[in-house]
Every structure is written in C-alpha cells, then in structure tokens.
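In: Show me how the following folds:
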Amino acid sequence: MLETIGETIRTARKARGWSQQQLADLCHLDRTTIGALERNAYNDIGIRKVDRVLMVLGKILTTKNASLPTLDDLKAQHG
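Out: Numbering: from 1, shown residues only. Alright, predicted model coming up:
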C-alpha cells in the first residue's frame, strides 16, 4: 500500500543509521524529497524516484492482484 512506503523508507533508513541527507546523497535526490516520501507526500514525486530510494535501502516495489473482477467475470455475472 502506498501508505506504508513512507514508513518502510523511514524504518529502513534508521536501521542503517542514516540521516535523511545521507540517504538523499546516496539516491542523488534532495533531502526534502526523502522527507516528503517519509511523510507519504507524493504530490510531485515520480515512481522512479520512489523505486530508486527503495533500491538503495535494499527494498523493491511490487504489485499484487487486488482481487477485482475481470471484465469477463462481470459479463458472466450479467450475461
């Protein structure tokens, strides 16, 4: 979930003993971007930046099936 990305970043950063500035330097980003990510403020932050931060922290961004019905499922229900 997007809500947990900020917590994941903050927890992983602190576990390594890094400041926001140190993580930003490693990711070639501004410290304010790291702070925004940790606060889940994604307004102007692209997915590539999020992915870069997670990779530096040894994490990966994944997706999962939301278990929503497919178009075929919906057609079968109403067909």
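In: Show me where this structure dips below the pLDDT cut-off.
Out: Applying pLDDT under 70 to the chain flags the ranges 1-2, 79.
In: Helices along that one, start to end?
Out: 2-15, 20-27, 31-38, 47-56, 71-78 (DSSP state H).
In: can you pull the buried residues of the fourth one?
Out: By 16 or more other C-beta atoms under 10 Å, the buried positions in helix 47-56 come out as 49-50, 53-54, 56. Heads up, the C-betas are built off the backbone N, CA and C, glycines and all.
In: With just CA atoms, put it into CSV.
Out: Coordinates of each C-alpha in helix 47-56 appear next as CSV, following Å, rounded to 0.1, in the frame of the first residue of the first chain:
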residue,chain,number,x,y,z
ILE,A,47,7.7,6.4,-9.3
ARG,A,48,11.3,6.2,-10.5
LYS,A,49,12.4,8.3,-7.5
VAL,A,50,10.5,6.1,-5.1
ASP,A,51,11.9,3.0,-6.7
ARG,A,52,15.5,4.4,-6.5
VAL,A,53,15.2,5.2,-2.8
LEU,A,54,13.8,1.7,-2.1
MET,A,55,16.6,0.0,-4.1
VAL,A,56,19.3,1.9,-2.2
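In: I'd like to know which elements it is packed against.
Out: Using 3 or more C-beta pairs under 8 Å, 6 or more residues apart in numbering; DSSP states H and E as the contact test, the elements touching helix 47-56 are helix 2-15, helix 20-27, helix 31-38.
In: Give me the angle between it and helix 31-38.
Out: Interaxial angle of helix 47-56 relative to helix 31-38 (axes from the mean of the first three to the mean of the last three C-alpha atoms, to 10 degrees): 90 degrees.
In: Is T33 in contact with V50, as I believe?
Out: No: the pair T33 and V50 fails to qualify as a contact (C-beta atoms under 8 Å) at a distance of 9.6 Å.
In: sorry, back to before: same list, the helices of the chain, but as a markdown table with distance to K64 please.
Out: Below are the helices of the chain laid out as a markdown table (distance: least, C-beta to C-beta, whole Å):
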| stretch | distance to K64 |
| --- | --- |
| helix 2-15 | 13 |
| helix 20-27 | 25 |
| helix 31-38 | 21 |
| helix 47-56 | 16 |
| helix 71-78 | 18 |
